[in-house]
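my questions are about this predicted structure, shown below with the sequence.
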Amino acid sequence: MIIDFHTHIFPADIRNNRQHYVESEPAFKLLYSSPKAKMAGAQDLVNAMDDGGLDKAVVFGFPWQSADIFQHHNDYVLEAVGRYPDRLIGFGCFDPLHSIAPQEAQRCLDSGLSGIGELAFYQSGFDDDALDRLEPTMRICCAKDVPLMIHTNEPVGHVYPGKTPNTLAQIYHMAKKFGENKIVLAHWGGGIFFYHLLKKEVRAVLKNVYYDTAASPFLYDIRIYPLAIRLAGLEKILFGSDYPLIPTARYRKEFDQAGLTQHEINSISGLNAARLLNIQ
């Protein structure tokens, strides 16, 4: 089974009128103001899955600041999962700092979505105030035993749209504070898995943390795959394409170039995700 753990879809009214949303949503402006920034709908995603040989995809929207917009977007994800229940696995997405974020998380999960994410702090890192405001949503996910995905990125290197000012210390503090939650760190967790090499504490703190491969071909050398397997553990790595950013075929080419075994490819491409999502 092949499962893409990181895909984005947008309702037609947003795809066809992006400039309207750019004016009031700074994070959306950062990532999608350019007409070259791709946006796709549910049918586009399913067509791409068919072309790429994918069985299932975890799908979510965008962490809008406006409650009206993120509720509308989550409703679209719910409708898409209802149309393609055997193909799409929906997550609820919203601004984690919004006052009704916990209520929206509860609504999404009670309505049948399978997790929360990709949540992001595009304008800031994970400071103490952000983690305090995230805590009620984390409690809900823990009680429901569902994963929560957080946007992370490497704190060094070149600058690009969507690169947040998070630090590895902030990512670590978040993982420690919410140690009982199943947390998926997007984009390799900013590389924090390197610290599995430390002799004390870190491996225990990161025991429930997973890492997705989203945007890896844009960010990392292919050597990251065998290194992450050795350091984080094969069972902690989830294939995510960041659709529609990068096609699936490019990841498959990297798996081969990195010299992964078929067992490793199978685990990363779907078996780990199926276990995390309790898919038989």
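Good, I have the coordinates.

going forward, measure contacts between C-alpha atoms and count neighbours the same way
Will do.

how close does the nearest residue to Val202 once chain neighbours are set aside sit to Leu78?
Closest residue in space to Val202, ignoring its immediate chain neighbours: His196 at 5.9 Å, by C-alpha to C-alpha, 6 or more residues apart in numbering. Between His196 and Leu78 the distance, using C-alpha to C-alpha, to the nearest Å, works out to 37 Å.

of the two, which one has the most company?
Leu78 (24 against 20; other C-alpha atoms under 10 Å).

and that one, its phi and psi?
phi -60, psi -40 (degrees, to the nearest 10).

surely it and Gly90 touch.
Yes - between Leu78 and Gly90 there is a contact under C-alpha atoms under 8 Å: 6.7 Å.

return every residue with contacts to both of these two.
Leu113 (C-alpha atoms under 8 Å, 6 or more residues apart in numbering).

give the contact list for the residue nearest to Ala249 when sequence neighbours are not counted.
Excluding the flanking residues, the one nearest Ala249 by C-alpha to C-alpha, 6+ apart is Gly52, at 6.9 Å. Counting by C-alpha under 8 Å, 6+ apart, Gly52 touches Pro247, Thr248, Ala249.

just those residues now: which is nearest Leu238?
Checking the contacts of Gly52 against Leu238 by C-alpha to C-alpha gives Thr248 as the nearest, at 13.3 Å.

and the strands in this structure?
For the chain, the strands defined by DSSP state E cover 3-8, 56-60, 88-92, 115-119, 148-150, 183-185, 209-212, 237-238.

can you list contacts of the shortest one?
Under the contact criterion C-alpha under 8 Å, 6+ apart, strand 237-238 has outside partners 4-5, 210-213, 228-229, 268-270, 272-273.

ok, now with 7 Å
Outside strand 237-238, the residues within contact range by C-alpha atoms under 7 Å, 6 or more residues apart in numbering are Phe5, Tyr210, Tyr211, Asp212, Thr213, Ile268, Ser269, Asn272, Ala273.

state the pLDDT value of the first one.
Looking back up the chat, that one is Phe5. With respect to pLDDT, Phe5 scores 98.

also the second one?
At Tyr210, the model reports a pLDDT of 98.

isn't it up against Val184?
Yes - using C-alpha atoms under 7 Å, Tyr210 is in contact with Val184, at 4.6 Å.

and for Cys141, the neighbour number?
Cys141: 24 neighbours (other C-alpha under 10 Å).

residue contacts, the residue nearest to Val202?
Contacts of His196 by C-alpha under 7 Å, 6+ apart are Val202, Arg203, Leu231, Ala232.

and it, how far is that from Ile229?
From His196 to Ile229 the distance is 11 Å (C-alpha to C-alpha).

that older thread, distance to Ile237, pLDDT and neighbour count for the contacts of Gly52 - can I get that in TSV?
Below are those laid out as TSV (distance: C-alpha to C-alpha, whole Å; pLDDT from 0 to 100; neighbours: other C-alpha atoms under 10 Å):
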residue	distance to Ile237	pLDDT	neighbour count
Pro247	18	93	15
Thr248	16	95	21
Ala249	18	95	13
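
quick one, helices of this structure?
12-15, 18-22, 26-32, 42-52, 67-83, 101-110, 128-144, 168-177, 202-205, 216-219, 224-231, 248-257, 262-266, 272-276 (DSSP state H).

cheers, nothing more for now.
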